[in-house]
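*Asks:* please find the sequence and the predicted model below.
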Amino acid sequence: MRLFVRTAILTALLFVAGTLSALAEDMKTFAVLPFQVNGPVAYKHLEKAIPQMLTSRLYWKDHFVAVDKSAYEGVTLPTSQSEASALLPTIGVDYLIYGSTTIIGDESSIDVQVVGKDGTSWPRSASSKVAQMIPTLKNLSEAINSEVFKREASPAAVAAAQPQMVNQMNPVIQQNQLSENQQVFLNPQFRYAGDSDEGNRLRSNSLSFAAHGMVVDDLDGDGKNEVLLIDSNTIRVYHFENGRLTPLAEYSPAMRYDLLSVRAGDFNRDGIAEIVISMVDTGLKAYSMILNFQNNAFTVVCDRIQYLLNIVRLPPDYMPVLIGQRLSKGNSLWQDPVYEMMKTASSWETGRKIDLPAGANLYNFVWLPANDSEGAKFVMVEDGAEHLRVYSEKFARLAETDDGYSGASVGVTQDQSFGNLGKDNLLIGSKYFIPMPMVATDLDGDGRYELIVNRPISVAAEFFDNYRFFPQGEVHSLYWDGVGLGLQWKTRRIKGSVVAYDIKDVNNDGIRDLVVCLNTHPGNTGMSNRKTMLLAFPLDLDKTNPGTAAHKDYNQE
């Protein structure tokens, strides 16, 4: 009996020893070195915070364990893979993880390098807002676990990766199939004339003028968005509720001015938006003015600025910047380069010159911020057929669309004078049509920005350069696919000429809308009877938090 007990105990001890030995052989060690922080001193704490976050997320009991900090205390941080490999036996780990983060404004870029004693080399970079750095680090750690440590996903993660029904942004919007697991989609080649379910689209009352431009923003700082519309000579503000545009105020400059564009932005951070209006007089001379809207009334902040003005987002911080450019007196429309405008005691004057590729002006471009795999892209509407040209960060031309976009109807007539001989009235005036502002946005929150643009549809416009009364159009969402601009989704065809669009909560219900301002098209002989109305397409909601828009865009402060 005693011999049996001794044998059983010995067998159990041998089994435990074998198990521990197997676990010891299977267990690997790693170390996450302090990260180099390139940015303001205020972010110095990330030097140790990032390694702590990565260490906690990479820990895998009995498989991958972090060594104590004392093992690498005082070591010189590696700057290359060879230096990191040389540190592996010194620290005594199987894997060494190191890297850096660069912070400019509210944008951050993280570079991570994993080096293993088995020859593993795994570099990865990711960009995000500083406020979104934790989710970005989580994604990086999951990638290291699966690609380097070969850690299998949990059953919950596997279930989450299974094909799911797509929660479409809006049934009126046609969604392209971008994922192999996507089960519900509408092919973008199917074109529909309309939609019978008006619950998926908001439509305002019609207004008895033809709009030149639109702004949807909180103009007076009360927390609610207003709708600002301009026509050839009048600026009007409306409140949109229950399908109706209720007028709040209007303002008209002198009759000699023809209004070209309207923008809004809070430059002095006082909570009240500055409304930027650009115009030309009867002599084709450019002027701009800046207004405030408060207590249902307009106030002129600055007048007779002798530049056309626009508001754009420039890298690397993509904060709103006021830029300006003057018109030429000769046959070339643009006289000067594009400048950043600086506030002076009495007006706005030119500051630094904005670097742009040939053919770009203050109105016809937008920047798409960089994502994890691609750098920032510069997109420009070329003069003529209005194709979209895509450039790299250093303005190397990458691609051009086959279709034309924008389709604006508001333009500037170029001077047809020949020296001192006066104007040749026999020539039809050449007109430059000011492109509608393109909207850069990340609607699905995947870190890749899309481009919202208008696609005008007209047979007559293909034959007559100055014919701009498009009978219908579509709003497209395009994305950079590494080769060109691909179609992500589009609206059904919209009857009328689209004159402006934006992604804003137009009716203040907590849901972002695709807001489209259009002029009705009463036929080729009824141009004087055109009217303006708004269409709003509510966008997709975050499933986990109903009532919250599940996207971001850099056009929001």
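*Replies:* Nice, thanks for sending it over.
*Asks:* how about the helices in the stretch 151-300 of the chain?
*Replies:* Here the stretch 151-300 of the chain has its helices, by DSSP state H, counting those that start in this stretch, at 155-160.
*Asks:* can you get me the start-to-end distance on stretch 69-88?
*Replies:* Taking Cα to Cα, to the nearest Å, stretch 69-88 runs 14 Å from one end to the other.
*Asks:* how about that stretch: buried residues?
*Replies:* Buried residues in stretch 69-88, counted by 16 or more other Cβ atoms under 10 Å: 72, 77-78, 84-85, 87-88. Just so you know, the C-beta spots here come from the backbone N, C-alpha and C atoms, and that holds for glycine as well.
*Asks:* now those residues as JSON lines including distance to residue 131 and pLDDT?
*Replies:* Formatted as JSON lines, those follow (distance: Cβ to Cβ, whole Å; pLDDT from 0 to 100):
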{"residue": "72", "distance to residue 131": "30", "pLDDT": "87"}
{"residue": "77", "distance to residue 131": "26", "pLDDT": "87"}
{"residue": "78", "distance to residue 131": "29", "pLDDT": "88"}
{"residue": "84", "distance to residue 131": "30", "pLDDT": "88"}
{"residue": "85", "distance to residue 131": "35", "pLDDT": "89"}
{"residue": "87", "distance to residue 131": "33", "pLDDT": "89"}
{"residue": "88", "distance to residue 131": "35", "pLDDT": "89"}
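*Asks:* considering those residues, which is situated nearest to residue 315?
*Replies:* Among the buried residues of stretch 69-88, residue 77 lies closest to residue 315 (Cβ to Cβ), at 28.4 Å.
*Asks:* show me where the protein has helices.
*Replies:* Remark: helices assigned in the chain by DSSP state H are 2-26, 46-58, 81-91, 133-147, 155-160.
*Asks:* the last one - what's its average pLDDT?
*Replies:* Along helix 155-160, the predicted confidence averages to a pLDDT of 45.
*Asks:* ok, stretch 318-332 next?
*Replies:* 86.
*Asks:* mind checking the end-to-end distance for that stretch?
*Replies:* 30 Å.
*Asks:* and it, which residues are buried?
*Replies:* 318, 320-327.
*Asks:* wait, residue 81 touches residue 113, no?
*Replies:* Yes. Counting by Cβ atoms under 8 Å, residue 81 does reach residue 113; the two are 7.0 Å apart.
*Asks:* could you tell me which residues touch both of these two?
*Replies:* residue 121 (Cβ atoms under 8 Å, 6 or more residues apart in numbering).
*Asks:* ok, so of the buried residues of stretch 69-88, who is nearest residue 340?
*Replies:* Ranked by distance to residue 340 (Cβ to Cβ), those are led by residue 77 at 37.9 Å.
*Asks:* from residue 95, how far off is the closest one?
*Replies:* Applying Cβ to Cβ, to the nearest Å, the value for residue 77 to residue 95 is 16 Å.
*Asks:* now swap in residue 302 and tell me
*Replies:* Residue 302 is 60 Å from residue 95, by Cβ to Cβ.
*Asks:* my read: residue 266 touches residue 290, true?
*Replies:* No. Residue 266 lies out of contact with residue 290 (Cβ under 8 Å); the separation is 11.8 Å.
*Asks:* for residue 109, which residues are in contact?
*Replies:* Residue 109 neighbours (Cβ under 8 Å, 6+ apart): 101-103, 125-127.
*Asks:* which of those has the largest number of neighbours?
*Replies:* Counting neighbours by other Cβ atoms under 10 Å, the top entry in the contacts of residue 109 is residue 101, with 23 neighbours.
*Asks:* for the closest residue to that residue other than its chain neighbours, list each beta-bridge partner.
*Replies:* Closest residue to residue 101 apart from its sequence neighbours, by Cβ to Cβ, 6 or more residues apart in numbering: residue 110 at 4.8 Å. Beta-bridge partners recorded for residue 110 (DSSP bridges): residue 101, residue 126.
*Asks:* tally of neighbours for residue 110?
*Replies:* Residue 110 has 23 neighbours, counted by other Cβ under 10 Å.
*Asks:* just residue 314 next, same as before
*Replies:* Residue 314 has 14 nearby residues by other Cβ under 10 Å.
*Asks:* contacting residues around the residue nearest to residue 54 when sequence neighbours are not counted?
*Replies:* Counting by Cβ to Cβ, 6+ apart, residue 54 lies nearest to residue 32, which is 4.9 Å off, once chain neighbours are set aside. By Cβ under 8 Å, 6+ apart, the contact list for residue 32 reads 51, 54-55, 58, 66, 97-98.
*Asks:* the more surrounded of residue 302 and residue 95?
*Replies:* Legend: neighbour count by other Cβ under 10 Å for residue 302 and residue 95, higher for residue 95 (24 against 16).
*Asks:* distance of that one relative to residue 61?
*Replies:* 16 Å.
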